[in-house]
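Q: got a sequence here, can you model it:
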Amino acid sequence: MNINISNSSGEPIYLQIVNQVKTMILEGKLKEGDALPSMRILATQLRISFMTTKRAYEELERDGFIESYTGRGSFVKAQNMELYREEQIKAIESLVFDAVDKAKKCGMTIDELHDLIDLINEGE
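A: You can find the predicted model right below:
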């Protein structure tokens, strides 16, 4: 498991871990039943405190991405893809709201925003 920590990102380290592990699970790089490194091993690898990795794993467990068992470790849990889809739609709605707000502030019409989205979509 390859996790990259940035001290300059402004995002708390535990959240960087959480977000990267979630991404690996949702992209299929980590599959149901895969073992995660122990909290101590991950803390040592990343040169961070044990408490930071503990907080990250607790958050991942609370969000339903992993299951932890005393003495056995932490494992990727089966994912509810409908719940994931809903979470992603919520995040997209927030981004679209911000985009529409910024577009209005600079005088861009909704049609111009639609054209921009179409242009970006065609480029991919």
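
Q: mind listing what's buried in stretch 24-37?
A: Neighbour-count burial for stretch 24-37 flags 24-25, 30, 36-37 (criterion: 16 or more other CB atoms under 10 Å). Using the backbone N, CA and C atoms, a C-beta is placed for each residue, glycine as well.

Q: which of those fall within helices?
A: Those of these mapping onto helices are 24-25, per DSSP state H.

Q: shaky segments in the protein?
A: The chain contains residues with pLDDT under 70 at 80, 124.

Q: give me that answer again for 90
A: Applying pLDDT under 90 to the chain picks out residues 1, 7, 9, 23, 25-28, 64, 78-89, 91, 121-124.

Q: centroid-nearest residue for it?
A: N19 (3.0 Å; CA atoms, centre = their mean).

Q: what's the farthest-apart pair in the buried residues of stretch 24-37?
A: I25 and P37 (14.5 Å; CB to CB).

Q: before we move on, back to that, from Y69, how far off is the residue nearest to the centre of the chain?
A: As judged by CB to CB, to the nearest Å, N19 and Y69 stand 24 Å apart.

Q: the chain: helices as residue ranges?
A: Along the chain, counting by DSSP H, helices occupy 13-26, 39-46, 50-62, 81-105, 110-122.

Q: now render those helices as a markdown table, adding distance to I5.
A: Listed next are the helices of the chain as a markdown table, based on distance: least, CB to CB, whole Å:
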| stretch | distance to I5 |
| --- | --- |
| helix 13-26 | 6 |
| helix 39-46 | 6 |
| helix 50-62 | 9 |
| helix 81-105 | 22 |
| helix 110-122 | 30 |
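
Q: out of these, flag the one nearest S6.
A: Closest among the helices of the chain, using CB to CB: helix 13-26, at 6.8 Å.

Q: show me how far the closest one is from its chain's centre.
A: How far helix 13-26 lies from its chain's middle: 5 Å, per CA atoms, centre = their mean, to the nearest Å.

Q: same for that helix, what does it pack against?
A: Applying 3 or more CB pairs under 8 Å, 6 or more residues apart in numbering; DSSP states H and E, one finds that helix 13-26 contacts helix 39-46, helix 50-62.
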